[in-house]
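# pasted the sequence and its predicted model underneath.
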Amino acid sequence: MISVTCVAPVNIALIKYWGKRHEELILPVNDSISMTLSTDELCAKTTITASETFEKNRMWLNGDEVPFEEGSRLMRCLKEVHRLALANGSQKVLPSWKIHIASVNNFPTAAGLASSAAGYACLVYSLARLYEIPLNEELTTVARQGSGSACRSLYGGFVQWHRGVLDNGSDSVAKQIAPSNHWPNMHVLILVVNDERKKTASTKGMQQAVKTSQLIKYRVDKVVPERIPKLREAIKARDFHAFAEITIKDSNQFHAIALDTYPPCVYMNDVSHRIASFVHAYNEIMGSLKAAYTFDAGPNACLYVLEENVPQLLYAVQKVFPSDSKDSPAYLRGLSVPKVDNIEVAQKNKIDLLDVHSKNAFRYIIHTKVGEGPKELSADNSLMKNGLPSVH
């Protein structure tokens, strides 16, 4: 038996990917840009064991066995990696050997927190380590065929997924814009409003949007091509004001397209809209853009904020959205936050005047930051023992 264990990060899109021009190859209708989050707080972890004695390919996700069927995205990724392994001349593990895969997420699946992106990125990266394939742009095309945004999770920092123009998808690749250490004080507060499965899966929502939304064509042809270079420049210049404005506007437009879909796809809920209103009110109080929000296909909010402004923002969040669990370690998760001691009296008084909403709007808050791409772990971190899951 030969085994590898890896972790891969979640990425959150700043300029959204929504809509495919080719369903099977998962080719997007527009470019997208994302920020990779630290694996210390959010990650997928995968162990793959290969053996010539295994009778068939098998996989377990969070302890439950899942189908490993011919024609599935899972099998497509495996076949693509086998193709690259043969081209690369890898001899460590033969493609004829069957594999067993155990994968876990340390965050909710299908709740709008990019679980499939982290999962498929981890799968493809682990397969690449198993078959001794170097990380390159071609590997991102494999991850893309598992879950579109997974290609962005193969790199840390800030990443652009290029739409490409070729029908075979070979130029629809992810490339890093800047590594995590380029903007190390970029932090995120994730307000987990609901961690249950969303009502309309992303795949179905995208299909309906491409078929029925009149706004999506304008977004693809006009809006995204203008925003991409502006956001790239904001990232390179570490210009938080420009970064925040573009991020907020793109989130709003994505959800406008979801509503313009027929029948409409509703991913944000009442609490989500209150969070968006709060961020605008907070920025007005502060006199400049100190926080930015984005919502993926779910109600949970990702608030971008520079490290030095985290205590003030968290103070405001907890003032406006009070929780009975505020002091529980399970409520505020991830990186620790220093106590507030440097809010100006005038600003604090203004925050205290903001409308207070009903209690317990969030299940919990995750504090994390920009992070690096996938990495291989030591054998001690394996999820398997003798080719079978050891963690449930």
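Great, that's in hand.
# okay, and residue 310 sits in which element?
Here residue 310, judged by DSSP states H and E, is contained in helix 310-320.
# can you pull the buried residues of that helix?
310-318, 320 (16 or more other C-beta atoms under 10 Å). Backbone N, C-alpha and C define where each C-beta goes, glycine included.
# that helix: what's the following helix or strand?
Helix 310-320 is succeeded, C-terminally, by strand 332-334 (DSSP H and E).
# can you check what angle separates the helix or strand bottoming out on mean pLDDT in the chain from helix 310-320?
Ranking every helix and strand in the chain by mean pLDDT, DSSP states H and E puts helix 345-352 at the bottom, with a mean of 83. For helix 345-352 against helix 310-320, the angle by axes from the mean of the first three to the mean of the last three C-alpha atoms, to 10 degrees is 40 degrees.
# per-residue pLDDT, residue 39?
Among the per-residue scores, residue 39 holds a pLDDT of 96.
# scratch that, residue 110 is what I was asking about
In this model, residue 110 carries a pLDDT of 46.
# just the one 3 residues further on next, same as before
Listed pLDDT for residue 113 reads 67.
# do residue 71 as well
As predicted, residue 71 sits at a pLDDT of 88.
# outline the domain layout of the chain.
2-179+376-389, 186-369 (automatic domain parsing).
# which one of the ones you listed is the most hemmed in?
Per residue and on average, the most neighbours among the domains of the chain fall to domain 2-179+376-389, with a mean of 20 (mean count of other C-beta atoms under 10 Å).
# show me how far that one is from its chain's centre.
Its chain's C-alpha centre and that of domain 2-179+376-389 lie 13 Å apart, by C-alpha atoms, centre = their mean, to the nearest Å.
# same thing with stretch 203-223?
On C-alpha atoms, centre = their mean, the centre of stretch 203-223 falls 21 Å from the chain's centre.
# kindly check the end-to-end length of that stretch for me.
Using C-alpha to C-alpha, to the nearest Å, one end of stretch 203-223 lies 22 Å from the other.
# any idea of the mean pLDDT in that stretch?
96.
# could you do stretch 284-304 as well?
95.
# next, the distance between the ends of that stretch.
One end of stretch 284-304 to the other measures 16 Å (C-alpha to C-alpha).
# ok now do residue 235, which residues does it touch?
Contact analysis of residue 235 by C-beta atoms under 8 Å, 6 or more residues apart in numbering lists 33, 158, 177-178, 182-183, 243.
# among the residues you listed, which lie within helices?
Here DSSP state H is the test, and these give residue 243 as lying in helices.
# hang on, the earlier thing: for the helix holding residue 310, packing partners?
Other helices and strands packing on helix 310-320, by 3 or more C-beta pairs under 8 Å, 6 or more residues apart in numbering; DSSP states H and E, are strand 186-192, helix 270-286, strand 301-306, helix 345-352, strand 364-369.
# what lies in contact with that helix?
For helix 310-320, the external contacting residues (C-beta under 8 Å, 6+ apart) are 187, 189, 191, 278, 282, 286, 290-291, 303, 305, 326, 332, 337-343, 347, 351-352, 354-357, 365, 367.
# mind doing that once more with 6 Å?
187, 278, 282, 291, 305, 326, 337-338, 340, 343, 351, 354, 356 (C-beta atoms under 6 Å, 6 or more residues apart in numbering).
# cool, and stretch 245-265?
Residues from elsewhere that reach stretch 245-265, judged by C-beta under 6 Å, 6+ apart: 14-16, 18, 200, 205, 208-209, 212-213, 215-216, 227, 230-231, 267-268, 292, 294-295.
# pLDDT of that stretch, averaged?
For stretch 245-265, the mean confidence score works out to 97.
# partner residues bridging the closest residue to residue 336 other than its chain neighbours?
Distances taken as C-beta to C-beta, 6 or more residues apart in numbering put residue 367 closest to residue 336, at 7.7 Å, once the chain neighbours are dropped. Beta-bridge partners for residue 367, by DSSP bridges, are residue 189, residue 334.
# so residue 367 touches residue 333, yeah?
No - in this structure, residue 367 is not within contact of residue 333 by C-beta atoms under 6 Å, at 7.1 Å.
# any stretches of this structure with poor pLDDT?
Per-residue confidence for the chain (pLDDT under 70) gives these ranges: 108-114, 195, 342, 391-392.
# to residue 47, which of the helices and strands packed on helix 310-320 lies closest?
For the helices and strands packed on helix 310-320, proximity to residue 47 was assessed by C-beta to C-beta; strand 364-369 is nearest, at 23.6 Å.
# which helices and strands does the closest one pack with?
Helices and strands touching strand 364-369, by 3 or more C-beta pairs under 6 Å, 6 or more residues apart in numbering; DSSP states H and E, are strand 186-192, strand 332-334.
# using a markdown table, lay out these together with distance to residue 67.
Shown next, in a markdown table, are these (distance: least, C-beta to C-beta, whole Å):
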| stretch | distance to residue 67 |
| --- | --- |
| strand 186-192 | 29 |
| strand 332-334 | 32 |
